[in-house]
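[1] Just to be clear, the model below is a prediction. Sequence and coordinates:
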Amino acid sequence: MLAQNPIIYSDFPDPDVIRVGEMYYMATTTMHFFPGGQILCSRDLVNWQHLCYAYEVFGETDRQKLMKGNIYGQGMWAPTLRYHAGVFHLVFSCNDTKACYHFTATDIKGPWKKGNIKGFYHDPSLLFDDDGKVYIVYGNREIRITELKADLSEPLPGGLDRVLLRDEADGLGWEGSHMYKINGRYYLCNIHWPQGKMRTQGVHASDSLTGEFTGGEVMADDLDGSFRGVAQGGMVDTPDGKWYMLLFQDHGAEGRMPVLVPFRWEGGMPRLDKAPRVLEADVDESVPGLYTSDALKGSFSPLWQWNHEPDLALIACTERGLQLTCAGPAAHVEQARNTLTQRCFSQKCRGSVTLDASALQEGDRAGICALQGLFGQLCVVMRDGRKFLSLVTREAGDGTLFRSTEAPEERVKMPISGDRITLGAEFDFTLDQVRFFYDDGNGMQPIGDAHSLLYRLDHFTGCRIGLCAFNEKGMGGKALFRDFVYQVL
């Protein structure tokens, strides 16, 4: 079966790709999810699998732990991944700490060593030049290059520091820099988003870092008639001399997805046609996927990520299942610590999990969720000594693109008698909706109406399916999860 774009039908935004030998590596934005700095690998640029994370936690602020605030839509943004002189470099800035992090490893699988680059650099890109000098390229609307010290710890005093590109027009302008030196010439790749127009991919080039960078938009294509332009990402060559750009495209509530676009060189510049729907490569079903079912007994898959930094003292992966202590205060899942998540995949997918609620205490909530600003949660609730099944959603209303300010509401509340129940969430991203289900021993039954999902910049991530356990006031009881089943429909 031939592969299709997007090459990964899920939320892997801001891709940067490199080739080392015959292996390709990709890093993308992981925002407020931990572990983070996820790196994927591939042998053909089409079939990707999880390789490692650069870090487990940051351990720097309470907000990263979902305490005294949160870092939704912040955290790790738009990384640059490079390999130079036997060392892998992963550099990115975090909007919550206003700091730039520099992780290094001699083996891409790790261990990765954490460091910092003094300063804050929007959408950075590293450039290791042939003369031993190293630079960081960054910015929004105004794209700047700054020479760094050899150890990348801070800008080099007296080193090159100049504006490469400036956009005076209305709109987002140029950003998402990716810088390369190819055959002695410098190439600067950026996304461009003029006011009221579709996003496009741009390339500018110069014979020197002190000279003028000339060029402009090289592709304006939305792949599917959606007016959601394919743009922003890195470029890479194959061992046999072919060239590709790995860009991304918005796909509504499911997030931003990688799109592979071949290009050719003409007159010293990359020339792109339309982003192809079908690629000249086969889907390799032997490559492990980027989502998984999981028994959750004894251990769990690295494809899971925690929403914010977890409190490991409240987590136990036992032979009976994943035990989460219900901690609070948390009014709903967006405030709940230790929510374990996976990305949603494909246009339609479904997840279900079996919950043992026998150790819940007053004020506890435990269950399954669709996690984003307009979240939905289906939980078993302990209230007044009785157990109920509760469906809570936040519906679109007076919120904005940048904030979900709507008050969550309980849509369904029904008493249950048993301690064990299977909960499910089924996603349809052709409609950007999720429906919830439950099975108390009589087969899977729908509960409530379909809930509309919406991509907003408060989370800045695609919707995720999650397992949550929290308490309305403080420390509560325990919830036991097992037998998570993930299906792409």
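    Yep, it's here. Note that the structure is a prediction, hence the values are computed from the model and not measured.
[2] surely Pro111 meets Ala105?
    Yes - with contacts defined as CB atoms under 8 Å, Pro111 counts as touching Ala105 at a distance of 6.5 Å. Just so you know, the C-beta spots here come from the backbone N, C-alpha and C atoms, and that holds for glycine as well.
[3] who's more crowded, these two?
    Regarding Pro111 and Ala105, a neighbour count based on other CB atoms under 10 Å identifies Ala105 as having more, with 17 against 11.
[4] Quick check: the gap between the more buried one and Asn116.
    When CB to CB, to the nearest Å is applied, the distance between Ala105 and Asn116 equals 16 Å.
[5] do Leu188 as well
    Computed as CB to CB, the Leu188 to Asn116 distance reads 25 Å.
[6] show me the contacts for the nearest residue to Phe58 once chain neighbours are set aside.
    Residue nearest to Phe58 in three dimensions, not counting chain neighbours: Gln64, with 5.4 Å by CB to CB, 6 or more residues apart in numbering. Each residue near Gln64 by CB atoms under 8 Å, 6 or more residues apart in numbering is listed here: His32, Val57, Phe58, Ile71, Gly75, Asp96, His308, Glu309.
[7] try 10 Å this time
    The contact partners of Gln64, taken as CB atoms under 10 Å, 6 or more residues apart in numbering, are 32, 34, 57-58, 70-71, 74-75, 94, 96-97, 308-309.
[8] Would you write a ChimeraX line that selects the buried entries of those?
    Once 16 or more other CB atoms under 10 Å is used to decide burial, the buried members of the contacts of Gln64 can be selected in ChimeraX as follows:
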select :32,34,58,70,71,74,75,94,96,97,308,309
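[9] Mind putting the contacts of Gln64 into TSV with pLDDT, distance to Ala253 and secondary structure?
    Converted to TSV, these look like this (pLDDT from 0 to 100; distance: CB to CB, whole Å; DSSP: H, G, I helix; E, B strand; the rest coil):
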residue	pLDDT	distance to Ala253	secondary structure
His32	98	17	coil
Phe34	98	22	strand
Val57	97	28	coil
Phe58	94	27	coil
Asn70	98	20	coil
Ile71	98	21	coil
Gln74	97	20	coil
Gly75	97	20	coil
Cys94	97	24	strand
Asp96	96	23	coil
Thr97	96	28	coil
His308	98	21	coil
Glu309	98	25	coil
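[10] now, which of the contacts of Gln64 sits nearest Gly171?
    Out of those, the one with the shortest distance to Gly171 is Gln74. That distance is 22.6 Å, counting by CB to CB.
[11] Look up how far Phe402 lies from that closest one.
    Gln74 sits 12 Å away from Phe402, going by CB to CB.
[12] what touches both of these two?
    Common contacts of Gln74 and Phe402 (CB under 10 Å, 6+ apart): Phe460.
[13] How is Glu334 assigned, secondary-structure-wise?
    Under the three-state scheme (DSSP: H, G, I helix; E, B strand; the rest coil), the conformation of Glu334 reads as helix.
[14] show me what contacts Asp364?
    By CB under 10 Å, 6+ apart, the residues touching Asp364 are 325-328, 357, 379-383, 387, 469-473, 475-479.
[15] Just the buried residues of the residues you listed.
    By the neighbour-count criterion of 16+ other CB under 10 Å, the contacts of Asp364 include these buried positions: 325-328, 357, 379-382, 387, 469-472, 476-479.
[16] before we move on, back to that, so the residue nearest to Phe58, which of the three states?
    Three states are possible here, and by three-state DSSP the one that applies to Gln64 is helix.
[17] which residue is nearest the middle of this protein?
    Thr30 (3.9 Å; CA atoms, centre = their mean).
[18] how much space between it and Gly462?
    For Thr30, the distance to Gly462 (CB to CB) stands at 12 Å.
[19] cool, Pro262 as well?
    Counting by CB to CB, the separation of Pro262 from Gly462 is 26 Å.
[20] just Gln232 next, same as before
    If you go by CB to CB, the gap between Gln232 and Gly462 works out to 16 Å.
[21] between the two, who's got more neighbours?
    Neighbours were tallied for Gln232 and for Gly462 using other CB under 10 Å; the higher tally belongs to Gln232 (30 against 25).
[22] which secondary structure element contains the more buried one?
    Assessed by DSSP states H and E, Gln232 sits inside strand 231-237.
[23] The helix or strand following that strand to strand 231-237, inter-axis angle?
    Scanning forward in sequence from strand 231-237, with DSSP H and E defining helices and strands, the next element found is strand 243-250. Calculated by axes from the mean of the first three to the mean of the last three CA atoms, to 10 degrees, strand 243-250 forms an angle of 160 degrees with strand 231-237.
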